[in-house]
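Colleague: Structure for this input, please:
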Amino acid sequence: MKTWVLIADASRARLFQIVRDGRLSLIQEFQFPAGRKRDQELVTDKPGSLKKGLGRSLHSRMPPPTSPHEMAAQNSARDLVRVLHDGWQRGTYEALALVAPAHFLGLLRERLDPAISRALVATLSRDYTALPDHELTGRLAEHFLPRA
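Modeller: A predicted model of the protein is given here:
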């Protein structure tokens, strides 16, 4: 069974395939610079206000319903799910494992197509994005990789 493993957070991701001996083979890396920025760096303008005249003004400074940082995370999740969907449509994998911090894992899961959700064989709420490739196999083997 061809299995893909996505290791991700809001700012970067690596997509692997599990090869026959249980090791991970890197398919693609992703960078999402907006996921690393602070809210102030993502917003270019202040909330607006309206002048009513005679020195009086009406303020319409409503906070945005979603923070800029959250929007960047949602965009990253959407882009990654699109890659997963394309791979699924091409028949490149049959099973999927997701590894991400809890909040980002939730963003990924809520965007998955029902067919891909059924192919989801494992999820792990951990941030392994900074781990080098050679350490990932050992860490993931503790949870769900087949032993060689």
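
Colleague: and the helix ranked longest in the chain, how far from the chain's centre?
Modeller: Secondary structure of the chain per DSSP state H: the longest helix is helix 68-90. Put simply, helix 68-90 sits 6 Å off its chain's centre (CA atoms, centre = their mean, to the nearest Å).

Colleague: List the buried residues of it.
Modeller: By neighbour count on 16 or more other CB atoms under 10 Å, the buried set for helix 68-90 is 68-69, 71-74, 76-77, 80-81, 83-84, 87-88. Quick note: C-beta positions are derived from backbone N, CA and C, even for glycine.

Colleague: surely Ala10 meets Asp79?
Modeller: No - the criterion here is CB atoms under 8 Å, and Ala10 misses it with Asp79 at 10.8 Å.

Colleague: Now list whatever residues contact both of these two.
Modeller: Residues touching both Ala10 and Asp79 (CB atoms under 8 Å, 6 or more residues apart in numbering): Phe32.

Colleague: Leaving out the residues flanking it, which one is nearest to Lys2?
Modeller: With sequence-adjacent residues excluded and distances taken as CB to CB, 6 or more residues apart in numbering, Lys2 is closest to Tyr93, at 4.6 Å.
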